[in-house]
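Novice: Take a look and give me a structure for this.
(one chain, ligands or ions: 1)
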Amino acid sequence: MTSETSVVVHSDPDVLAHAAAARLAIRLLDAQAVRGTASVVLTGGTIAAKLYRALAEAPVRDAVDWSHVHFWWGDERFVAADSPDRNEKQAREALLDHIPVDPALVHPMPASDGPDGDDPEAAAARYAEELAAAAKPGTARLPHFDVVLLGVGEDGHVASVFPEHPAAYETRPVSAVRGSPKPPPMRTTLTLPAINTAEEVWLIAAGSGKTDAVGLALSGAGPVQIPAAGVHGLERTFWLLDRAAAAKVAPKFRSLRR
Ligand SMILES: O=C(O)[C@H](O)[C@@H](O)[C@H](O)[C@H](O)COP(=O)(O)O
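Specialist: Numbers count the residues shown, from 1 in each chain. Below you'll find the predicted structure:
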């Protein structure tokens with residue numbers, strides 16, 4: 001199977017969020033048409049919050065059978081369950097609280113006041129077990145992911161895989177992160193090999209702060225220096241950008257701009 005990389009450039013962050021929301025709804029309903037269920041891996045960050053709000057408001061959201069969608073997280077800030085810093089809280093408030101999900105299919109990463117207490121390594125291992133329990137028997141220790149959504153940091157991080165950090169070298173599916181350069185310092189994250197089992201990986205970035213990271217990731221940077229350069233969907237990798245974030249995208253991708 002050949003994996004395609006597509007770059008789509010939108011005029012501004014609002015159009016980007018609304019277009020990505022519509023794209024996600026269609027992708028999930030197509031997955032349901034084939035398999036009956038769908039699965040998406042959520043991310044944190046500002047553009048993700050915008051996308052979730054856009055999806056919650058879009059009429060096309062009613063085309064998806066949300067009770068048969070699995071929600072996983074690509075990374076989480078390792079803070080208390082009720083902290084406003086939680087990626088889970090953001091996703092629930094912006095999207096999940098507004099659609100008829102099956103709570104049993106919503107799989108947040110553990111919080112620092114959860115069963116493992118303040119131990120991110122144990123929390124990462126617990127999430128790896130939850131993922132493995134949802135894997136098809138006889139396959140790898142991960143469930144099928146239709147789409148992994150990823151924000152992109154100004155330093156080129158994705159999920160909580162930061163440049164030169166131990167998680168950028170990790171081969172197990174889930175890693176604890178200590179000393180994250182983006183607060184809060186403790187996190188848990190899917191690793192690059194886990195993300196790369198997805199059918200599609202969507203990197204979503206807006207604003208001039210992302211220009212360099214996006215430009216480097218699309219011009220052959222290494223995955224340890226620029227983790228965004230190291231993620232690929234098995235079938236497709238989408239870069240969903242606004243104009244500012246796309247300003248240094250290499251010429252070979254320019255024909256794909258719209
Ligand atoms: O927990 C987090 O902070 C994220 O999951 C992180 O990877 C985020 O997606 C990027 O840092 C982009 O965030 P912004 O869109 O806010 O720049």
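
Novice: Enumerate the residues of the stretch 1-150 of the chain near the ligand.
Specialist: Within the stretch 1-150 of the chain, the residues that sit near the ligand (C-beta under 6 Å from any ligand atom) are 43-48, 75, 77, 87. Just so you know, the C-beta spots here come from the backbone N, C-alpha and C atoms, and that holds for glycine as well.

Novice: Buried subset of these as a ChimeraX selection?
Specialist: Here is the ChimeraX command that selects the buried residues among these (16 or more other C-beta atoms under 10 Å):
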select :43,44,45,47,48,75,77,87
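
Novice: Of the residues of the stretch 1-150 of the chain next to the ligand, which is the nearest to Pro223?
Specialist: Pro223 has its nearest neighbour among these in Asp75, at 16.0 Å by C-beta to C-beta.

Novice: Report the buried residues of stretch 236-252.
Specialist: 236-246, 249.

Novice: Make JSON lines from those and add distance to the ligand and secondary structure to it.
Specialist: Shown next, in JSON lines, are the buried residues of stretch 236-252 (distance: C-beta to the nearest ligand atom, whole Å; DSSP: H, G, I helix; E, B strand; the rest coil):
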{"residue": "Arg236", "distance to the ligand": "20", "secondary structure": "strand"}
{"residue": "Thr237", "distance to the ligand": "16", "secondary structure": "strand"}
{"residue": "Phe238", "distance to the ligand": "15", "secondary structure": "strand"}
{"residue": "Trp239", "distance to the ligand": "14", "secondary structure": "strand"}
{"residue": "Leu240", "distance to the ligand": "12", "secondary structure": "strand"}
{"residue": "Leu241", "distance to the ligand": "12", "secondary structure": "strand"}
{"residue": "Asp242", "distance to the ligand": "11", "secondary structure": "strand"}
{"residue": "Arg243", "distance to the ligand": "16", "secondary structure": "coil"}
{"residue": "Ala244", "distance to the ligand": "12", "secondary structure": "coil"}
{"residue": "Ala245", "distance to the ligand": "10", "secondary structure": "coil"}
{"residue": "Ala246", "distance to the ligand": "15", "secondary structure": "coil"}
{"residue": "Val249", "distance to the ligand": "18", "secondary structure": "coil"}
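
Novice: In three-state terms, label Thr189 for me.
Specialist: With DSSP: H, G, I helix; E, B strand; the rest coil as the basis, Thr189 sits in strand.

Novice: can you tell me how far it sits from Asp12?
Specialist: 29 Å (C-beta to C-beta, to the nearest Å).

Novice: swap in Ala194?
Specialist: Distance from Ala194 to Asp12, by C-beta to C-beta: 32 Å.

Novice: Thr189 and Asp12: which is more packed in?
Specialist: Using other C-beta atoms under 10 Å, the more surrounded residue of Thr189 and Asp12 is Thr189, with 32 against 12.
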